[in-house]
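Q: using only what follows, build the 3D model:
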Amino acid sequence: MFIGHFGLAASVKAAQPRVPLWSLMLATQFLDVVFVVLYLAGGIESFQAVAPGTYGEALINAQYTHSLLGSLLLAALYGGFGTWRWGRRAGTVLGLMVFSHWVLDLLVHRADLPLLPGNAGDLPLLGLGLWQTPWATAVIEGVLLVTGAFFYFRSVRQRASITWRAIVSGGVMALLLVLGLAVDILS
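A: Residues are numbered from 1 along each chain as shown. As a prediction, this is how the structure comes out:
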């Protein structure tokens, strides 16, 4: 799940026009951004190769960022930033967007999502494994992306006259739509 997160951000932007689109998109990828930081900071989190030729050719060992509790803490952190910057409603929306990453990953990941950071207590790992059915994953991501683009374009058309900002925003969403579909097709 990658581009589906952006589709969700576009849908939420349509409903929450005062929340900047960039902050929603970053929110949907915030767990992965922190994962990369921890990966680069000495391998606190890492990748593990799996059988070549399968969808999702690597398992992430994201025992902190992608744990249920870790994602809730990161959602609270990002939501706190949003509250400070744009108000309580925006902060709540942004925090929920961060947590939506974990929920969508639960659908597609193999059982590699811990409940507690570092898999404390050695509790069962979660994941429904939809990545093992590539066409289903592509359908879900495609639906999220097309739905998000539809609601986003509709809201832009309803809210504003054609301005440079609307054209640039629409262009970015169109580019994400095309790139997302290309990634799904090529994966």
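
Q: how about the lengthiest helix in the chain: buried residues?
A: Secondary structure assigned by DSSP state H gives helix 134-159 as the longest helix of the chain. Buried residues in helix 134-159, counted by 16 or more other C-beta atoms under 10 Å: 137-138, 140-142, 144-145, 147-149, 151-153, 155-156. (Glycine included, C-beta is placed from N, CA and C.)

Q: go on, stretch 108-118?
A: Those would be Val108, His109, Arg110, Asp112, Leu113, Pro114, Pro117, for stretch 108-118 by 16+ other C-beta under 10 Å.

Q: Ala49: neighbouring residues, count only.
A: Other residues near Ala49 come to 8 when the count uses other C-beta atoms under 10 Å.

Q: sorry, back to before: mind putting the buried residues of stretch 108-118 into TSV with distance to Val34, secondary structure and pLDDT?
A: What follows is those, written out as TSV (distance: C-beta to C-beta, whole Å; DSSP: H, G, I helix; E, B strand; the rest coil; pLDDT from 0 to 100):
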residue	distance to Val34	secondary structure	pLDDT
Val108	19	helix	86
His109	17	coil	85
Arg110	21	coil	84
Asp112	17	coil	88
Leu113	15	strand	93
Pro114	15	coil	95
Pro117	12	helix	94
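
Q: now for these: which two are most distant?
A: Val108 and Pro117 (21.0 Å; C-beta to C-beta).

Q: hmm, back to that, now for the longest helix of the chain, which elements pack on it?
A: The contact analysis (3 or more C-beta pairs under 8 Å, 6 or more residues apart in numbering; DSSP states H and E) places helix 134-159 against helix 3-15, helix 88-108, helix 164-186.

Q: for those helices, which has the smallest mean pLDDT value?
A: Across the helices and strands packed on helix 134-159, helix 164-186 has the smallest mean pLDDT, namely a mean of 65.

Q: closest one of the buried residues of stretch 108-118 to Val172?
A: Once C-beta to C-beta is applied, the member of these that ends up nearest Val172 is Val108, at 24.5 Å.

Q: measure that closest one to Arg154 for me?
A: 27 Å (C-beta to C-beta, to the nearest Å).

Q: go on, Thr133?
A: From Thr133 to Arg154 the distance is 31 Å (C-beta to C-beta).

Q: again with Ala9
A: According to C-beta to C-beta, Ala9 stands 15 Å off from Arg154.

Q: swap in Ser46?
A: Distance from Ser46 to Arg154, by C-beta to C-beta: 41 Å.

Q: alright, calling it a day.
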